[in-house]
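*Asks:* please find the sequence and the predicted model below.
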Amino acid sequence: MKYASNVRFIAVFSFFMVGYGVILFALFRIQIQHHHFFAHLALKQHSQIIKSLAPRACIYDRTGQQVLALNRTALAACIFPHQCTNKDEVVSFLKKHFPSAAERFATIGDSSFFYIQRRLSAEDQKIIEASGLEAIQLIKEDQRFYPIESAGTIVGITDIDNKGLFGIEGSLNERLAGKPTTCTIERDARSGLLYFNKQVHDKGTGSQSVTLTIDGILQFVVHDELKKYMPTVGATEAAALVINPQTGDILSLVSLPDFNPNDTHELDMACTKNRAITERYELGSVLKIFVALAALSEKITTLDEIIDCKNVKTAYVAGRKVNTVKENGAIPFWQVIADSNNIGTAQIATRLDTKLYDHYRQLGFADKINIGISGQPSGYINPPSLWSKQSIMSLSYGYEVSITILHLARAFCMIANNGLLIEPRLILDPAQKRPEPRQLYDADVIDEIQSILEKTTQEGTARRARIKGYRVMCKTGTANLLVDGVYRPDINLFTCTGIIEKNGYQRVVVTFLKAPGAKRRFSSAVVVPIFEHITEKVLIHDKIW
Amino acid sequence: MKSKTFLWLVIGSNVVIAFIFIHRQTLFVKQLYKKQRLEQHKLELQEKQDTLNKQLYVLKNPSTVAQKAHEKYALETINIKQIKTVAMP
């Protein structure tokens, strides 16, 4: 009996000891031997690294009432291949409705995620929902939307990942997108989306909205007017710029042809640039006013000095042949500019000689004007070291100097401001440091220049720009386009730039057209009418009456 | 007897302290979850606001307004010569 009892005792004891031994051994393996493995697994399962990015910020116009760029939710269709149970059904669906996606799906290999299509149209969304395939999931993504399409060449667009490509979207991409915040969160298996601990590793910056100086409604109005006018004169390109000379704020910046930023499926990249700020042109006679500015500033002539324009259309000045459009006899200097006589202007230019180049540089025609969009070129003035005997004449009537519409507008703003140069701007940012305004010319000289411009509008080539009740000071220009080193008389650049004033209110308006040239076709008939239409619209918009 | 009381006192106080710590942590996690739910709700409301804003800006789009003014109300653009100013007495 005692023996049997001992055996039972030993058997039970051994059984439990073996059991506890196994448990201890297992514990040893888990807790000590494979400690790192299980700790790492637990960390992976219960902690997650999240990178969160704030929604891309909006772009507003100067009033804040019009949004030039905002986000909207778009849907993307995707598959998680490892969770896909009915692959054959999915593949046949893709082959029928999304053939390119079906081709890509065949080559995904071991990938755990697959985009079928991003930015689904309403039709595609209906097809996917009607299919009833659970393997195909719809996820929300941010997409940019541009309510004012006429601002497309200024605002630019983003790519499919919402990264800015060009325009304001491109140049201020970091500010609009912000920087992501990286953090580790700890959650248990049942808490779903909720976490119980969060550690921030990399504190990002929030996205910041951008306000432009552009007036959204004025941009639309100017764009609309210019677009309707272009076919009437056969223009292939056009640009218009409206600027407040007192602050340098660019209120409207139109370039045509342009593009629809909400439909970029077949995008012509040439239409995405804003020609008013990215293209340089030899603008022709519109620069004669700056020859007058240089001459009056250097005191080599006066407004009323009589200049003999010889009453011919072709004459020789300093041994060089000079052609002009309209014959003038002996006329005062102001009329030489108002009537845009090349012979008279060439005579004054020969007196200036290299000083004309210095004045053009002083006016900033060789500078790069930075208004916050990439792709802006600096201007070009042919330097005296490269001059031919013709150069001084050419420079005086706007050739051998190549500038953007913005350069021209800035110089006219200086005239409007009585000689004070204020740098133009596109981005309204009170915190941004702006260059100090500089007094470039004396107020008396500017007064004389303004009187020449006023007479050009009253009696000269810009007569059609007159608006009753307003002081309008304009200069026109017609130039042959330089193509492959040859000036083409069949393609002309027509420019009209002017200052409008009434009771302290001022605006500078520049209009530009590239259109077929013809023998008796000049800016006065081609571009001045649209200048007048646009100016009227600006005045009505600003309620200046 | 005294040592027994002391022992029970020590064990009891440790249990109470442990309970207080666990309770505090539970309350903290509860409030944290509540905060996260509110943040989620805030995000949903923000999304709704963005959608409504988008609808508003589309309606305010000058080309939409101009089209409607022209087609529905037969309104035309004016030119400056049509504007007459009247001096109030």
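*Replies:* Done, it's in.
*Asks:* for the rest of this, base every contact and every neighbour count on C-alpha atoms.
*Replies:* Noted.
*Asks:* before we move on, what's the pLDDT of A:G192?
*Replies:* pLDDT, A:G192: 65.
*Asks:* residue numbers of the stretch 151-300 of chain A in contact with chain B?
*Replies:* Contact residues, the stretch 151-300 of chain A versus chain B (Cα under 8 Å from any Cα of the partner chain): A:L194, A:Y195, A:F196, A:I217, A:F220.
*Asks:* so the third one touches B:K34, yeah?
*Replies:* Okay, so that is A:F196. No - between A:F196 and B:K34 there is no contact under Cα atoms under 8 Å: 11.0 Å.
*Asks:* re the thing from before, determine which two of the residues of the stretch 151-300 of chain A next to chain B are furthest apart.
*Replies:* A:F196 and A:F220 (51.4 Å; Cα to Cα).
*Asks:* more neighbours: which of those two?
*Replies:* Using other Cα atoms under 10 Å in any protein chain shown, the more surrounded residue of A:F196 and A:F220 is A:F220, with 22 against 16.
*Asks:* look at that one and give its secondary structure.
*Replies:* Under the three-state scheme (DSSP: H, G, I helix; E, B strand; the rest coil), A:F220 adopts helix.
*Asks:* what bridges to A:Q137?
*Replies:* With DSSP bridges as the criterion, A:Q137 is bridged to A:C78.
*Asks:* wait, doesn't it sit right on A:P81?
*Replies:* No - between A:Q137 and A:P81 there is no contact under Cα under 8 Å: 11.2 Å.
*Asks:* what ranges do the strands span in the stretch 201-350 of chain A?
*Replies:* A:210-211, A:237-244, A:249-256, A:306-308, A:314-317, A:320-323, A:330-332 (DSSP state E, counting those that start in this stretch).
*Asks:* same list (those) but as TSV, adding mean pLDDT.
*Replies:* Below are these laid out as TSV (pLDDT from 0 to 100):
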stretch	mean pLDDT
strand A:210-211	96
strand A:237-244	97
strand A:249-256	97
strand A:306-308	95
strand A:314-317	92
strand A:320-323	91
strand A:330-332	95
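*Asks:* which residues touch the closest residue to chain B within the stretch 201-350 of chain A?
*Replies:* When scored by Cα to the nearest Cα, the stretch 201-350 of chain A has A:I217 as its residue closest to chain B, at 6.1 Å. By Cα atoms under 8 Å, 6 or more residues apart in numbering or on different chains, the contact list for A:I217 reads A:Q66, B:P62.
*Asks:* extract the residue ranges of the chain that are flagged as low pLDDT.
*Replies:* All of this is about chain A. Scanning chain A for pLDDT under 70 picks out A:1, A:189-193.
*Asks:* could you do chain B instead?
*Replies:* For chain B (pLDDT under 70), the answer is B:1.
*Asks:* which parts of it sit against chain A?
*Replies:* Counting by Cα under 8 Å from any Cα, chain B sits next to chain A at B:29, B:32-33, B:36, B:50-51, B:54, B:57-58, B:60-63, B:79-80, B:83, B:85.
*Asks:* try it again with 10 Å
*Replies:* B:28-37, B:40, B:47, B:50-51, B:53-64, B:66, B:77-81, B:83-85 (Cα under 10 Å from any Cα of the partner chain).
*Asks:* surely A:V221 meets B:P62?
*Replies:* Yes - shown here, A:V221 and B:P62 form a contact pair, counting by Cα atoms under 10 Å, at 8.4 Å.
*Asks:* who touches the helix or strand where A:V90 lies?
*Replies:* If you go by DSSP states H and E, A:V90 is part of helix A:87-97. Residues outside helix A:87-97 that contact it (Cα atoms under 10 Å, 6 or more residues apart in numbering or on different chains): A:79, A:81, A:84, A:98-103, A:105-106, A:116, A:124, A:127-128, A:131, A:133-136.
*Asks:* any of these buried? List them.
*Replies:* Among those, those scoring as buried are A:I79, A:P81, A:A101, A:A102, A:F105, A:I116, A:D124, A:I128, A:A135, A:I136 (criterion: 16 or more other Cα atoms under 10 Å in any protein chain shown).
*Asks:* kindly provide the distance from the fourth one to A:K140.
*Replies:* Separation of A:A102 from A:K140 (Cα to Cα, to the nearest Å): 22 Å.
*Asks:* neighbours around residue 23, how many?
*Replies:* Assuming you mean chain A. A:I23, neighbours per other Cα under 10 Å, totals 12.
*Asks:* not quite, I wanted chain B
*Replies:* 12.
*Asks:* quick check: the residue nearest to A:A295 when sequence neighbours are not counted vs A:M473, distance?
*Replies:* Once flanking residues are discounted, A:A295 sits nearest to A:T301: 6.0 Å by Cα to Cα, 6 or more residues apart in numbering or on different chains. Note on A:T301: its distance to A:M473, by Cα to Cα, is 21 Å.
*Asks:* so who does A:A515 touch?
*Replies:* Taking Cα under 10 Å, 6+ apart as the test, what A:A515 contacts is A:230-231, A:233-238, A:481, A:490-494, A:526-527.
*Asks:* swap the cut-off to 6 Å and go again
*Replies:* Taking Cα atoms under 6 Å, 6 or more residues apart in numbering or on different chains, we find A:A515 in contact with A:G234, A:A235, A:T236, A:I491, A:N492.
*Asks:* which ones are touching the fourth one?
*Replies:* The reference is to A:I491. Neighbours of A:I491 in contact, by Cα under 6 Å, 6+ apart: A:L481, A:A515, A:P516, A:G517.
*Asks:* same question, the last one
*Replies:* The neighbourhood of A:N492, defined by Cα under 6 Å, 6+ apart, consists of A:A479, A:N480, A:L481, A:K514, A:A515, A:P516, A:G517.
*Asks:* which single residue in the stretch 1-150 of chain A comes nearest to chain B?
*Replies:* For the stretch 1-150 of chain A, Cα to the nearest Cα, closest residue to chain B: A:P147, 5.9 Å.
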